[in-house]
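Chemist: sequence and predicted structure below; questions after.
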Amino acid sequence: MASIFEEVGALVAEAVAALETDGTLAPGHGVTPVIEPPRDPAHGDLATNAALALAKAAGMPPRQLASLLAMTLARAPQVERAEVAGPGFLNLVLAPAAWEAQLRAVLAAGDSYGRVPTRAAGLPVNVEYVSANPTGPMHVGHCRGAVVGDALANLLEFAGHRVTREYYVNDAGAQVDTLARSVHLRYRQALGDAIGAIPDGLYPGDYLVPVGEALAAEFGDRFRASPEAEWLPLFRGRAVAAMMDLIRADLATLGIRHDIFTSEAELHARGAPAAAEARLRAAGLVYDGTLPPPKGELMEDWEPVVLPLFRSTAFGDDVDRPIRKSDGSWTYFGADMAYHAEKAARSSALIDIWGADHSGTVKRIEAAVAALTGGEVPFDVKLVQMVRIFRGGEPVRMSKRAGNFVTLADVVEEVGPDVTRFMMLTKRPESPLDFDYVRAVEQSRENPVFYVHYAHARIRSVERRAEGLALAEAAPLDRLDEAERGLIKIMAQWPRVVEQAAAAREPHRVAFYLHDLASAFHALWNRGNDDPALRILVDDPDLASARLALARGCGHVLRAGLSIMGVTAAEELR
RNA sequence: GACCCCGUAGCUCAACCGGAUAGAGCGCCUGCCUUCUAAGCAGGGGGUUGCGUGUUCGAGUCACGCCGGGGUCGCCA
């Protein structure tokens, strides 16, 4: 069944078409009227700007056009009243039966209410998220991008897209060589060498100790004193594999699993950057040139050098960007460019979730994708701002260099995956987030996780209690009152929330919507505290079954939303 | 210097491709527990949406310019 917005949208479209038929309105105006719930409930259940948007095409004042539309719309059985308001808005009050039908649709669809059937045609949407460097366990800073990316992938699937969840493994370059050297030190340590303090520039974390021990057990002292060239590739491979195991285990604690891990090293091995360079050279977008000296802090060692440059300035970037270094090896950007070209070839759209510290590189990669796909594949980079972690208002320090950083595992262990995921989605990603261990587990209205769980637990409690009662089979939903229909109206917005959150790539909107829905449910529930006749399970079996159906429907929507967020719906809170 | 993000109630934040009188929570004030879980609910007070100009029937939302906070800048990763 169509959502209430689609249903009313169709009615409005019919009314507009009727005006075209009788010549009031010339066809071909290209206007799609917006149907939305008005902010002010006095403006009815739904409002449309159709007359405002079409006034120019009709050559008629908006209010006059609106009253023509109102006359047609008022004849529809779903519409109780159609009123012209303000500059030419058309406010619609729907008949109670229309809302009862919406509740029946929710109950029929169950937890799938609002889900769009998967579109089989075309390539999947690619969401790349986490992509943390394989040099250690995940820290809390990675956590937000991980949750936002995963929830976004869930949301897009719910909205009918096929989705590929992808992780780009930066297993090439200097940092993984550093990792390998750090592991070699731990390997010597495992063989009994006194290694002393970990030198500056190497990774100090204890998590490398077992990696060194495993290598010692397997290879004995074969690489103890041998030249670096003999062990570096081997140690690098083992270290990266071990780090990726750590990272996958961290992600698993949050229920996150990627479909594809793409290796930067393999990308180089199959010559992808060179292929991308050739295409861009042919298009005149890569040339050999010299960069101007960097602005900002003074760079004493800077010297002009001729390098292959990507013409990102043609796409709004400040300067052109080198794709290879003076020694001929690829820059990070050179590989990343090729990687995105490969992803674009197998995707209908690309979405990257990045930490805000990479904001400076967005333009060049957007430029590269536009250049390599001819603008055919939409590409969005969503920047996620940093997380600051607190305990009872006191900042908790983290420092990856010192090796004593707050890990993702620390957070999940302390507050659990559900709270972690929910909290990461309680703000727009582009706002910095303060995460407080104490407040995150607080059981109060102030805590949105708890608040939504509490609503669901109340519904489950009533459902359990109702199991032993003899209630009417088919709930007579016309017994519901105005306030109860108000809850249906909020539930009926769910398909639209899904559609718009998916289009905007903003999973946090689901969290906010669930909070609103839970709030409406709590309000209804509490009427029963003031007046026992307003409780759900009253003596009248017809009325009880109708109210139970309402609560059940609300439970379905709460579970649908929580499943997108990747949060378990609590059965009870004790 | 340049680029990116942010600026909305005392605080933390919303505001659905631009829509009508900008909404929640916290804190403050006033009510509601022999309960279907009061871990909650109802009501009250609180705003020049940082400033300005422009586009529009209509701007917190779009454009441009300022101001303020944060982040970034490299042949790094």
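Modeler: Sure thing, it's come through.
Chemist: just give the closest residue to the most centrally placed residue in chain A, not the sequence neighbours.
Modeler: For chain A, the residue nearest the mean C-alpha position is A:Leu152 (2.5 Å; Cα atoms, centre = their mean). Nearest non-adjacent residue to A:Leu152, counting by Cβ to Cβ, 6 or more residues apart in numbering: A:Pro507, 4.8 Å away. Any C-beta I mention is one placed from the backbone N, CA and C, and that applies to glycine too.
Chemist: that neighbour contacts A:Ile564, doesn't it?
Modeler: Yes: applying Cβ atoms under 8 Å, one finds A:Pro507 in contact with A:Ile564, separated by 6.8 Å.
Chemist: any common contacting residues for these two?
Modeler: Common neighbours of A:Pro507 and A:Ile564 are listed as A:151, A:154-155 (criterion: Cβ atoms under 8 Å, 6 or more residues apart in numbering).
Chemist: need those in CSV with neighbour count and distance to RNA strand B, can you?
Modeler: Putting these into CSV (neighbours: other Cβ atoms under 10 Å; distance: Cβ to the nearest atom of the strand, whole Å) gives the following:
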residue, neighbour count, distance to RNA strand B
A:Ala151, 26, 15
A:Asn154, 19, 18
A:Leu155, 25, 14
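Chemist: for chain A, which helix or strand comes out least confident on mean pLDDT?
Modeler: In chain A, the helix or strand scored least confidently by mean pLDDT, DSSP states H and E is strand A:394-395, which has a mean of 76.
Chemist: which residues does the residue of chain A most remote from its centre contact?
Modeler: Of all residues in chain A, A:Ala225 has its C-alpha farthest from the mean position, at 48.6 Å, by Cα atoms, centre = their mean. Counting by Cβ under 8 Å, 6+ apart, A:Ala225 touches no other residue.
Chemist: you'd agree it is in a helix?
Modeler: No: going by DSSP: H, G, I helix; E, B strand; the rest coil, the assignment for A:Ala225 is coil, not a helix.
Chemist: ok, it to RNA strand B distance?
Modeler: 27 Å (Cβ to the nearest atom of the strand, to the nearest Å).
Chemist: shaky segments in the stretch 301-450 of chain A?
Modeler: Under the criterion of pLDDT under 70, the regions of the stretch 301-450 of chain A flagged as low confidence span A:301-302, A:397-404, A:444-446.
Chemist: how about 80 then?
Modeler: A:301-304, A:316, A:392-406, A:438-439, A:441-447 (pLDDT under 80).
Chemist: interface residues of it facing RNA strand B?
Modeler: A:301-303, A:305, A:307, A:318-319, A:321-322, A:325-327, A:331-333, A:336, A:356-363, A:383, A:385, A:427-428, A:430-434, A:443-446, A:450 (Cβ under 7 Å from any atom of the strand).
Chemist: can you turn the buried part of those into a PyMOL selection?
Modeler: Those of these that count as buried under 16 or more other Cβ atoms under 10 Å are selected in PyMOL with:
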select buried, chain A and resi 307+321+322+331+333+336+361+363+383+385+427+433+450
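Chemist: in strands only, show me the residues of the stretch 301-450 of chain A next to RNA strand B.
Modeler: Assigned to strands by DSSP state E, the following of these qualify: A:307, A:321-322, A:383, A:433-434.
Chemist: which SSE is A:Arg547 in?
Modeler: Element membership of A:Arg547, judged by DSSP states H and E, is helix A:541-565.
Chemist: check which residues of that helix are buried.
Modeler: A:541, A:543-565.
Chemist: could you do stretch A:95-109 as well?
Modeler: Along stretch A:95-109, these residues count as buried under the neighbour rule (16+ other Cβ under 10 Å): A:98-107, A:109.
Chemist: and those residues as CSV, adding secondary structure?
Modeler: Written out in CSV, the entries for the buried residues of stretch A:95-109 read as follows (three-state DSSP):
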residue, secondary structure
A:Ala98, helix
A:Trp99, helix
A:Glu100, helix
A:Ala101, helix
A:Gln102, helix
A:Leu103, helix
A:Arg104, helix
A:Ala105, helix
A:Val106, helix
A:Leu107, helix
A:Ala109, helix
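Chemist: and the furthest pair within those residues?
Modeler: Of all pairs drawn from the buried residues of stretch A:95-109, the greatest distance, 16.8 Å, lies between A:Ala98 and A:Ala109 (Cβ to Cβ).
Chemist: all strands for the stretch 401-550 of chain A, in order.
Modeler: Counting by DSSP state E, counting those that start in this stretch, the stretch 401-550 of chain A has these strands, from start to end: A:433-436.
Chemist: contact partners for A:Leu514?
Modeler: Counting by Cβ under 8 Å, 6+ apart, A:Leu514 touches A:452, A:558, A:561-562, A:565.
Chemist: between those residues, which is nearest A:Gly237?
Modeler: A:Gly237 lies nearest to A:Met565 out of the contacts of A:Leu514, by Cβ to Cβ, at 36.6 Å.
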